[in-house]
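In: Next come a sequence and a model predicted from it.
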Number of protein chains: 2
Amino acid sequence: MKEHFSEQLEDLRRNLILMGGEVERQIQRSIEALTEVDAEKAAAVIANDGEIDRMEMVVEEQAVQLLALQQPVASDLRFLIAALKINNDLERIGDHAVNIAEGAQRLAGQKPFKPFIDIPYMAEVAMSMLKQSLDAFVNRDALLAKKVIKKDDILDDKNVSIIRELLTYMAEYPNLITYFLELISISKNLERVGDLATNICEDTIFIAEARWVKHHATELT
Amino acid sequence: MKEHFSEQLEDLRRNLILMGGEVERQIQRSIEALTEVDAEKAAAVIANDGEIDRMEMVVEEQAVQLLALQQPVASDLRFLIAALKINNDLERIGDHAVNIAEGAQRLAGQKPFKPFIDIPYMAEVAMSMLKQSLDAFVNRDALLAKKVIKKDDILDDKNVSIIRELLTYMAEYPNLITYFLELISISKNLERVGDLATNICEDTIFIAEARWVKHHATELT
């Protein structure tokens, strides 16, 4: 029975990783839809969100079943609760990919104002944070989790500077306000992806060190 | 022991309700800070967010303890898992109140462009959704939960019309772009509060009817 349980935990872990990979690809494709001005790619991201939702339900059902039938204690219990939270975080990152794709769709009729540099950079940082946060989670690697949390400052700073720049453009080119507003929204969505990867890291540190870092991120060493 | 367990569940339920009330007040006060152009009130909302975070940790700790020590099954297990999710939703609503208060703070130096009508109305709808979603949860009232979910359309529609109106103003008054952008952000934050109250309702229906409505909201009767 014990071996069976550990196999089921392993299966749950694998499903979370698969879901993380899929969510990462959704972010990637939503940004490509934007930079390549590709409405079809944007539509594909939106259509694929159902798959993320399906994966979320599978993981949730697995975790709830394991909680109900195996009645795990101590570290397995903490792991399952963290898995439930991370599952939710991944689904929310998927929603941000949809938001970005919807923005890309609305912008698809319009020639880009200038080449995209900062937003794809933010997306790269956000995706690497997501990937590393899941690596940290499956390996219970608190050190890596702490490193990832520090990266979030890059996204926060970049988001502020992008918004500042776009506000200047809005005042200069009032006929492009809607266009720039979409870009502000996309930048904010990427910033939120970083926050959610940070959540995953906090839960990882929690199960790795059995202490609580949430709401105390500034105290991290 | 069983009686003890039901008392602990009751205590957890009460703490969630207390937290819900506090979060509702945070939204209320953040909107007052905006409409009364009151930077001090805005600062108070931001300062009080630590209290919400503290409440979230208490509830989480309670739920995890009950899961670990009591090893509940069936409906109690579902209830505890729903409580963990709702706890997280409430904390996120608290974050939206902070976002609104931060916006109100930035706008506090500025005379309102026109009296606030739509945003306070959205806030009323969002707060009543929040309150009713928690009523539905504690009473396991799926019918009420479904009614609340339908209200979310009001917020979605209002948000779209507010943004449309503000975009027109932005083009007309480019020197007030930052001002209008803050209002768009506040409107979006209130719309998100409605989404989170909807989450609470979905979890309520889940434990009340032991079926899964998430991602199928349109199928609700």
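Out: On my side now, so go ahead. Since the structure is predicted, the reported quantities are computational estimates derived from the model, not experimental observations.

In: Going along the chain, name the helices of chain A.
Out: Remark: helices of chain A, listed N- to C-terminal, are A:2-35, A:39-70, A:74-107, A:118-138, A:142-172, A:177-209; assignment by DSSP state H.

In: what would those look like in a markdown table with mean pLDDT?
Out: Listed next are the helices of chain A as a markdown table, based on pLDDT from 0 to 100:
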| stretch | mean pLDDT |
| --- | --- |
| helix A:2-35 | 93 |
| helix A:39-70 | 94 |
| helix A:74-107 | 93 |
| helix A:118-138 | 97 |
| helix A:142-172 | 95 |
| helix A:177-209 | 94 |
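
In: if I pick the nearest residue to A:Ile52 once chain neighbours are set aside, what's in contact with it?
Out: Counting by CB to CB, 6 or more residues apart in numbering or on different chains, A:Gly94 is the residue found nearest to A:Ile52 once chain neighbours are left out, at 3.8 Å. To be clear about C-beta, it is placed using only N, CA and C from the backbone, and glycine gets the same treatment. Counting by CB atoms under 8 Å, 6 or more residues apart in numbering or on different chains, A:Gly94 makes contact with A:22-23, A:26, A:49, A:52-53.

In: separation between A:Gly94 and A:Glu182?
Out: Distance from A:Gly94 to A:Glu182, counting by CB to CB, to the nearest Å: 20 Å.

In: for A:Val64, same thing?
Out: Noted for A:Val64: a distance of 38 Å to A:Glu182, by CB to CB.

In: So which of the two has more stuff around it?
Out: Neighbours around A:Val64 and A:Glu182, counted as other CB atoms under 10 Å in any protein chain shown, are more numerous at A:Glu182. The numbers are 20 against 15.

In: tally of neighbours for the closest residue to that one other than its chain neighbours?
Out: Ranked by CB to CB, 6+ apart and with sequence neighbours excluded, the top spatial neighbour of A:Glu182 is A:Gly103, at 4.5 Å. Counted with other CB under 10 Å, the burial measure for A:Gly103 works out to 21 neighbours.

In: A:Gly103 reaches A:Ile186, doesn't it?
Out: Yes. Checked against CB atoms under 8 Å, the pair A:Gly103 and A:Ile186 is within contact range at 5.1 Å.

In: shared neighbours of these two, anything?
Out: Any residue near both A:Gly103 and A:Ile186 by CB under 8 Å, 6+ apart counts here, and that gives A:Leu34.

In: rewinding a little: who wins for most neighbours among the contacts of A:Gly94?
Out: When neighbours are counted as other CB under 10 Å, the busiest of the contacts of A:Gly94 turns out to be A:Val23, with 28 neighbours.

In: Distance check, that residue against chain B.
Out: With distances taken as CB to the nearest CB, to the nearest Å, A:Val23 is found 15 Å from chain B.

In: wait, doesn't that residue sit right on A:His96?
Out: No. When contacts are counted by CB under 8 Å, A:Val23 is not listed as touching A:His96 (9.1 Å).

In: Pull up the residues of chain A that are close to chain B.
Out: For chain A, the contact set with chain B under CB under 8 Å from any CB of the partner chain comprises A:50, A:53, A:57, A:64, A:67-68, A:71, A:73-74, A:77-78, A:81, A:84-85, A:88, A:167, A:170-171, A:174-175, A:177-178, A:181, A:184, A:212, A:214-215.

In: Of the residues you listed, just the buried ones, ChimeraX syntax please.
Out: Buried members of the residues of chain A next to chain B can be picked out in ChimeraX with the line below, counting by 16 or more other CB atoms under 10 Å in any protein chain shown:
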select /A:67,71,77,78,81,84,85,88,170,171,177,178,181,184,214,215
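
In: OK, contacts around A:Ala43?
Out: Applying CB under 8 Å, 6+ apart, we find A:Ala43 in contact with A:101, A:105.

In: A:Leu143: how many residues sit nearby?
Out: Residue neighbour count, defined by other CB under 10 Å, stands at 11 for A:Leu143.

In: likewise the one 10 residues further on?
Out: Neighbourhood size, A:Asp153 [other CB under 10 Å]: 10.

In: do you know how far it is from chain B?
Out: Plainly put, A:Asp153 is 18 Å away from chain B if you go by CB to the nearest CB.

In: Pull the contacting residues for that residue.
Out: Applying CB under 8 Å, 6+ apart, we find A:Asp153 in contact with no residue.

In: how close does A:Ala104 get to A:Tyr173?
Out: In this structure, A:Ala104 and A:Tyr173 are 20 Å apart, going by CB to CB.
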